[in-house]
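**Q** when you get a sec, could you give me coordinates for this:
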Amino acid sequence: MAEIITMPRLSDTMEEGVVAKWLKKVGDKVNEGDILAEIETDKATMEFESFHSGTLLYIGLQEGEGAKVDTLLAIIGKEGEDISALIGGGAPAAAPKAEEAKPVAEVTNTPAAGVAMPAGVEVVTMPRLSDTMTEGTVASWLKKVGDTVKEGDILAEIETDKATMEFESFYSGTLLYIGLKEGESASVDSLLAIIGPAGTDVNAVLAALQGGSSAPAAAPKSESKPTETVAPAAAPVVNANDRVFASPLAKKIAQDKGINLTEVKGTGENGRIVKKDVENFTPSAKATAAPATASANPAIPTVIPVGVEVTEEVKNSQMRKTIAKRLAESKFTAPHYYLAIEIDMDNAMESRAQINNLPDTKISFNDMVVKACAMALKKHPQVNTSWKGDTTLYNKHVNVGVAVAIEDGLVVPVIKFTDTLTLTQIGALVKDLAGKARNKKLTPAEMEGSTFTVSNLGMFGVDVFTSIINQPNSAILSVGAIVEKPVVKNGQIVVGHTMQVTLACDHRTIDGATGAQFLQTLKTYIENPVTMLA
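**A** Now for the predicted structure:
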């Protein structure tokens with residue numbers, strides 16, 4: 001009997017995914033444990049493994065297409081088996097056709113008597129492109145009203161709280177109506193555009209929508225495409241606006257490596273530029289000469305007259321809005337207080353130099369701080385807690401999150417069971433996770449489960465700062481720079497090296513004395529690194 005494969009939930013917050021690549025095609029034999037496809041979320045691209053054996057009979061989503069969790073993805077069964085009923089009936093828990101058409105036609109109101117939707121019209125709404133997205137902004141339209149749209153064409157670029165992504169049409173027809181102009185924002189499921197036959201009366205469509213009419217029931221094609229979502233990859237060619245289309249990950253890697261995407265040949269669907277194209281790209285003489293030509297003709301800078309007040313209002317990105325919302329929630333719900341302590345770093349500097357002289361060994365001061373925090377948390381379990389309202393959750397394990405700044409914001413990869421790791425193991429993990437964070441390759445599992453957080457701005461020359469608690473943690477440690485200054489040792493003023501750290505605590509779970517004791521223990525470990533090696 002054929003098995004229905006649905007879009008998997010690859011993290012506890014995932015609501016939809018995009019098929020980045022199929023590793024099997026219709027007709028291929030599939031064994032249990034084979035990798036069927038690569039599924040891209042807003043955070044990472046992950047391999048999806050088959051739990052069934054048989055022949056791949058049907059693929060519901062093509063590469064670059066997206067859908068919500070539990071949507072029909074593929075069907076595996078016996079070769080030659082009739083699966084027409086499964087394709088028509090769809091995924092588990094399928095409702096009647098009118099219900100199935102709801103997320104596709106993207107009209108949630110109840111039909112009103114006497115108001116009919118013109119035939120062949122497809123209503124496109126603002127898609128939910130990440131698990132935290134509540135609204136999106138139209139960064140740019142690549143089609144205008146009156147243009148012919150084919151299935152797979154890029155309609156627009158949508159800015160979410162995570163990134164700016166290309167939005168691909170799942171319908172063919174004429175773009176009849178645009179509901180949001182460039183730069184305008186709207187909540188998920190708001191009217192974005194209307195596609196249908198040329199000459200269709202748009203006013204009739206809008207009237208039908210206002211009256212609550214859904215799209216015509218005779219739209220079997222749309223039932224197999226459960227949601228309007230963005231394709232993470234786009235066409236590799238340059239369009240009339242000199243825009244190069246590539247997947248967000250390919251763009252990020254190209255930016256990090258300084259590669260000009262106009263010189264990269266895409267191998268994705270319809271020639272799209274994907275990750276491997278950028279990674280395998282070898283610059284030609286022409287490619288390396290292009291940036292020099294561009295820099296030889298820089299844009300003329302804006303001249304601001306002296307004595308004239310000039311302001312510029314820049315629209316906030318969706319990611320910045322989300323950061324603001326979450327940090328505001330933490331700051332205003334958790335009663336923060338701060339404790340600071342100065343640490344003598346002379347012994348730590350000597351110990352680090354000795355450790356780094358060993359073959360194939362390299363640790364940073366931040367690694368020493370992370371290790372010291374983990375050991376101090378074991379001695380002060382009250383700091384390793386979470387506030388749950390009626391109860392306090394005591395974490396018996398220690399998972400330290402390390403804040404990493406990336407171009408678009410801030411992420412916190414997590415070092416699991418930090419107290420059980422050596423300094424060199426912590427150093428290797430931090431380096432690996434920070435690299436993944438900057439390349440947007442972190443998996444959801446690598447960013448979940450922290451019980452305490454460390455934020456270090458010492459490398460930027462910041463001596464002292466305070467951080468906002470990364471909930472559900474009860475505390476976060478802010479680490480400043482190591483400063484050379486006069487200190488008193490054995491009654492004498494000498495040149496020493498000190499570092500100031502500031503602990504932000506949630507007063508609901510951590511009292512002042514408990515926080516102070518934690519800092520004293522932390523100070524002892526860092527000032528005497530040999531205690532962390534015992």
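
**Q** can you list the buried residues in the helix or strand hosting residue 503?
**A** Using DSSP states H and E, residue 503 sits in strand 492-506. Buried positions in strand 492-506, judged by neighbour count with 16 or more other CB atoms under 10 Å: 497-506. C-beta here means a position set from N, CA and C on the backbone, and glycine is covered the same way.

**Q** may I have the helix or strand following that strand exported as CSV, CA atoms only?
**A** Per DSSP H and E, strand 492-506 leads on to helix 512-527 as the next helix or strand towards the C-terminus. Included here for helix 512-527 are C-alpha records, laid out as CSV according to Å, rounded to 0.1, in the frame of the first residue of the first chain:
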residue,chain,number,x,y,z
GLY,A,512,21.2,39.4,44.8
ALA,A,513,23.3,37.4,47.2
THR,A,514,23.0,34.3,44.9
GLY,A,515,24.2,36.3,41.9
ALA,A,516,27.1,37.8,43.9
GLN,A,517,28.2,34.3,45.0
PHE,A,518,28.1,33.1,41.4
LEU,A,519,30.3,35.9,40.3
GLN,A,520,32.8,35.2,43.2
THR,A,521,33.0,31.6,42.0
LEU,A,522,33.4,32.6,38.4
LYS,A,523,36.2,35.1,39.4
THR,A,524,38.1,32.3,41.2
TYR,A,525,38.0,30.0,38.2
ILE,A,526,39.1,32.6,35.7
GLU,A,527,41.9,34.0,37.9
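
**Q** what segments of the stretch 201-350 of the chain are strands?
**A** 336-344 (DSSP state E, counting those that start in this stretch).

**Q** kindly report the same for the stretch 401-534 of the chain.
**A** Shown for the stretch 401-534 of the chain, the strands assigned by DSSP E, counting those that start in this stretch span residues 404-406, 409-411, 414-415, 452-456, 475-489, 492-506.

**Q** out of those, name the one with the poorest average pLDDT.
**A** Within the strands of the stretch 401-534 of the chain, the stretch with the lowest mean pLDDT is strand 409-411, showing a mean of 81.

**Q** for that strand, which helices and strands make contact with it?
**A** Based on contacts counted as 3 or more CB pairs under 8 Å, 6 or more residues apart in numbering; DSSP states H and E, the elements that strand 409-411 packs against are helix 318-333.

**Q** export the strand holding residue 503 to CSV, keeping only CA atoms.
**A** As requested, C-alpha coordinates have been extracted for strand 492-506 and formatted as CSV (Å, rounded to 0.1, in the frame of the first residue of the first chain):
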residue,chain,number,x,y,z
GLN,A,492,52.6,47.8,45.5
ILE,A,493,51.2,49.6,42.4
VAL,A,494,52.1,47.5,39.4
VAL,A,495,51.0,47.2,35.8
GLY,A,496,48.2,44.6,35.5
HIS,A,497,45.5,43.3,33.2
THR,A,498,41.9,43.3,34.3
MET,A,499,38.6,42.4,32.7
GLN,A,500,35.1,43.5,33.9
VAL,A,501,32.1,41.2,33.6
THR,A,502,28.5,42.1,34.4
LEU,A,503,25.8,39.6,35.3
ALA,A,504,22.2,40.5,34.4
CYS,A,505,19.8,38.5,36.6
ASP,A,506,16.1,37.8,36.7
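
**Q** ok, back up a step: so which of the strands of the stretch 401-534 of the chain is nearest residue 172?
**A** strand 409-411 (36.8 Å; CB to CB).

**Q** tell me how far that closest one is from the chain's mean position?
**A** Distance of strand 409-411 from its chain centroid, counting by CA atoms, centre = their mean, to the nearest Å, is 9 Å.

**Q** quick check: buried residues in it?
**A** For strand 409-411, the buried set under the neighbour-count rule, 16+ other CB under 10 Å, comprises residue 411.

**Q** residues in contact with that strand: which ones?
**A** Outside of strand 409-411, the residues that reach it under the criterion CB atoms under 8 Å, 6 or more residues apart in numbering are 319-320, 323, 403-404, 437, 442, 447.

**Q** with distance to residue 34 added, can I get the residues you listed in CSV?
**A** What follows is the contacts of strand 409-411, written out as CSV (distance: CB to CB, whole Å):
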residue, distance to residue 34
319, 35
320, 41
323, 39
403, 38
404, 34
437, 30
442, 25
447, 28
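
**Q** now the residues you listed in a markdown table, with distance to residue 85 and neighbour count?
**A** Converted to a markdown table, those look like this (distance: CB to CB, whole Å; neighbours: other CB atoms under 10 Å):
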| residue | distance to residue 85 | neighbour count |
| --- | --- | --- |
| 319 | 43 | 22 |
| 320 | 48 | 13 |
| 323 | 47 | 16 |
| 403 | 52 | 20 |
| 404 | 49 | 20 |
| 437 | 46 | 21 |
| 442 | 41 | 22 |
| 447 | 41 | 20 |
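
**Q** looking at those residues, which one is closest to residue 417?
**A** Of those, the one sitting nearest to residue 417 (CB to CB) turns out to be residue 447, at 15.9 Å.

**Q** how far away is that closest one from residue 525?
**A** As judged by CB to CB, to the nearest Å, residue 447 and residue 525 stand 26 Å apart.

**Q** can you give me the helices for this structure?
**A** Ranges of helices within the chain are 84-89, 97-101, 202-211, 220-223, 248-257, 275-279, 285-296, 318-333, 346-356, 365-379, 423-438, 512-527, 530-533, based on DSSP state H.

**Q** thinking again about what came up before, can you put the strands of the stretch 401-534 of the chain in a markdown table and add distance to residue 372?
**A** Formatted as a markdown table, the strands of the stretch 401-534 of the chain follow (distance: least, CB to CB, whole Å):
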| stretch | distance to residue 372 |
| --- | --- |
| strand 404-406 | 19 |
| strand 409-411 | 23 |
| strand 414-415 | 13 |
| strand 452-456 | 10 |
| strand 475-489 | 10 |
| strand 492-506 | 10 |
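
**Q** to residue 208, which of these lies closest?
**A** Ranked by CB to CB, the member of the strands of the stretch 401-534 of the chain that lies closest to residue 208 is strand 409-411, at 40.4 Å.

**Q** sheet partners, orientation included, of the closest one?
**A** According to DSSP bridges, strand 409-411 has the following sheet partners: strand 404-406 (antiparallel).

**Q** any buried residues in stretch 347-363, and which?
**A** Buried residues in stretch 347-363, counted by 16+ other CB under 10 Å: 348, 351-352, 355, 363.

**Q** ok, so of those residues, who is nearest residue 530?
**A** Set against residue 530, the nearest of these by CB to CB is residue 351 (7.1 Å).
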